[in-house]
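>>> Here's my sequence, what's the structure:
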Amino acid sequence: MKQVTFILILSLLINRCHAEGLTSVSGGRAAAMGSTAVCERSVWALLNNPAGLAMLQGWQGGLYYQNQWLLKETAFKSIGLSKNFPGIGCFGLSVCQYGWSQFSQNLFSVAYAHDFGPYLQMGLRADWIWLHLGDAYPNRSAPGFELGIQSQVTEKLRLGASLFNPLNAKLKTLNEDALPVVIQFGLAYQFTEDFVGQFDVEKDSQRESIRIGGGFEYILFGRFQLRAGAQHHPNILSFGAGYTLRKLQVDIAAQLHQALGASIQISITGQW
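Predicted coordinates:
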């Protein structure tokens, strides 16, 4: 019982001061690059910025696992699937969970994105949030949404923005806001064919400070990627690697928090 109470308190503290839980980025690539994902275009746009789905082709799917602070009780898991219909747009489904049997945040989502030309891609995600509080409190559920845009300003520069808004009046149980409203702005710049940098700025309703993140990716031998990044508020260093095998992508990452320790992330994505 003492362990359960400790983990529950730790989870609540993390959610209040670190905006973790369902607002975490998904995907090993983003995690390794300072949790920068506003401009990313992959199946993980389902959970990071739905506008990034607009440029995907065919079917894409992915699995992601984050062993946060090396504790199974604060693990973050997500799964996503998307399909692009030419001339109509891209549709996607995703499910993610943060926590364990006595405390968990669960997100079930449906997304749609459309490409309006090289300068504008837009996406919308509809969410159903379910907060499980074990035996001590009744479960809570509520809807929410995320709206995102991207723009390929030049051949090398891409801009993006997103708004995550949980309509969580029914979720207010243990803290003032069960989940924060999150606004993000980001850019990605392709310095060379093999080297890209990303930069994100994030503000959420539960935190006075602004989170800043940045990272880079360098491609070796066409299939192997090296990545590194950092965040401020909270201070986190990150690094990782990826490997492309035909239409399968495997990404791993590690993050080091100034106070809470290490986290390990891995994702597997595929397209067909």
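>>> how about Gln53, phi and psi?
If you look again at residue 53, you'll see it is Leu, not Gln. phi -70, psi -20 (degrees, to the nearest 10).
>>> Pull the number of nearby residues for the closest residue to it other than its chain neighbours.
Of all residues beyond its chain neighbours, the one nearest Leu53 is Ala113 (3.7 Å), with distances taken as CB to CB, 6 or more residues apart in numbering. Using the backbone N, CA and C atoms, a C-beta is placed for each residue, glycine as well. Under the neighbour criterion other CB atoms under 10 Å, Ala113 is assigned a count of 29.
>>> For Ala113, give me its contacts.
By CB atoms under 8 Å, 6 or more residues apart in numbering, the contact set of Ala113 is 45, 50-54, 89-90, 92, 121-124, 148.
>>> among those residues, which ones are buried?
45, 50-54, 89-90, 92, 121-123, 148 (16 or more other CB atoms under 10 Å).
>>> Show me the strands in the stretch 101-250 of the chain, by range?
For the stretch 101-250 of the chain, strands defined by DSSP state E, counting those that start in this stretch occupy the ranges 103-115, 121-132, 140-152, 157-166, 182-192, 195-204, 211-220, 224-232, 236-245, 248-257.
>>> so which of the ones you listed comes closest to Lys83?
Among these, strand 103-115 comes nearest to Lys83, with 10.9 Å by CB to CB.
>>> Could you tell me the angle between the direction of that closest one and that of strand 140-152?
Strand 103-115 runs at 30 degrees relative to strand 140-152, counting by axes from the mean of the first three to the mean of the last three CA atoms, to 10 degrees.
>>> buried stuff in strand 103-115?
Judged by neighbour count using 16+ other CB under 10 Å, the buried positions of strand 103-115 are 103-107, 109, 111-115.
>>> does Arg29 sit in a helix, a strand or a coil?
Secondary structure of Arg29, reduced to three states by DSSP: H, G, I helix; E, B strand; the rest coil: helix.
>>> and Gln164, what does it touch?
In this structure residue 164 is Phe, not Gln. By CB under 8 Å, 6+ apart, the residues touching Phe164 are 23, 144-146, 181-184.
>>> quick one: which of those residues is most hemmed in?
Among the contacts of Phe164, the one with the most neighbours (other CB under 10 Å) is Gln184, at 26 neighbours.
>>> residues making contact with stretch 141-154?
Surrounding stretch 141-154, the residues in contact under the criterion CB under 8 Å, 6+ apart are 38-39, 41, 45, 49-52, 54, 113, 118-131, 158-171, 179.
>>> Now, of these, which are buried?
The neighbour-count test (16+ other CB under 10 Å) applied to these identifies 38-39, 41, 45, 49-52, 54, 113, 121-123, 125, 127, 129, 131, 158-162, 164-166, 168, 171, 179 as buried.
>>> Give the burial count for the residue lying closest to Gln190 once chain neighbours are set aside, as a bare number.
On the basis of CB to CB, 6+ apart, the spatially nearest residue to Gln190 that is not a chain neighbour turns out to be Lys156, at 4.4 Å. Burial of Lys156, expressed as a neighbour count using other CB under 10 Å, amounts to 12.
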